[in-house]
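Novice: sequence first, predicted coordinates after that:
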Amino acid sequence: MDVQNIHSRSEKETRDLGRSLASFLKKGDIVCLFGDLGSGKTTFVKGLAEGFKIKPSGVNSPTFVLMNVYEGKLPVYHFDLYRIEGQDLPRIGYEEFFYGDGISVVEWADRLGNEMPAEYLSVRLAHQSPDERMIEITAHGEQMSRRWEAARL
């Protein structure tokens, strides 16, 4: 597994990282986000969406609706599993979107449990200070790892 650590000093840098990552992603990719409340997961998604020509102002955490769809150069399927229990996961129909015609981004991806995809990009965000984050990006699965090693941001 190839791990890349990035130190973000501001919300803008976190958004910029998301925007940069969009150029690496292709149809059917899954990005799994991990981090505590307020660690910058949704901020990261705003940047990623912007990379697909989606206005970041229209991106918000789908905590209560479980998934938002943002239409852009590619559709972005933004999941938030914070309020999901393991047995409820199949009922939200996530498998219709994973590996589909867009990019799936999953906040609180640890809640996927046994449903964790075989191929995905992991983004872990951790507080360093009120404005700073350490962001760890890791490719999982043979194909994703090969692509990530070749592309490294």
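Specialist: Nice, thanks for sending it over. Predicted model only: the values in this text are computed from it and were never measured.

Novice: how about the strands in the chain?
Specialist: According to DSSP state E, the chain carries its strands in the segments 3-8, 30-34, 67-70, 76-80, 103-107, 120-127, 133-140.

Novice: adding mean neighbour count and distance to residue 56, write the ones you listed out as CSV.
Specialist: Backbone N, C-alpha and C define where each C-beta goes, glycine included. Shown next, in CSV, are the strands of the chain (neighbours: other Cβ atoms under 10 Å; distance: least, Cβ to Cβ, whole Å):
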stretch, mean neighbour count, distance to residue 56
strand 3-8, 13, 16
strand 30-34, 24, 16
strand 67-70, 17, 10
strand 76-80, 25, 11
strand 103-107, 26, 13
strand 120-127, 20, 17
strand 133-140, 19, 17
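
Novice: in the chain, where is pLDDT below threshold?
Specialist: Flagging of the chain using pLDDT under 70 yields the residue ranges 1, 64, 85-90, 92, 152-153.

Novice: can you map out the helices along it?
Specialist: Taking DSSP state H to define them, one finds helices in the chain at 11-22, 41-51, 142-151.

Novice: direction-wise, compare the last one with strand 133-140 and give the angle.
Specialist: It stands for helix 142-151. 130 degrees (axes from the mean of the first three to the mean of the last three Cα atoms, to 10 degrees).

Novice: output the contacting helices and strands for helix 142-151.
Specialist: Under the contact definition 3 or more Cβ pairs under 8 Å, 6 or more residues apart in numbering; DSSP states H and E, helix 142-151 sits against strand 120-127, strand 133-140.

Novice: ok, the nearest residue to residue 99 once chain neighbours are set aside to residue 96 distance?
Specialist: Leaving aside its sequence neighbours, residue 99 sits nearest to residue 28 (Cβ to Cβ, 6 or more residues apart in numbering; 4.5 Å). Distance of residue 28 to residue 96, given as Cβ to Cβ, to the nearest Å: 13 Å.

Novice: out of those two, which sits in the more crowded spot?
Specialist: A count of neighbours by other Cβ atoms under 10 Å puts residue 28 above the other of residue 28 and residue 96, at 15 against 9.

Novice: surely that one touches residue 100?
Specialist: Yes. The criterion here is Cβ atoms under 8 Å, and residue 28 meets it with residue 100 at 6.3 Å.
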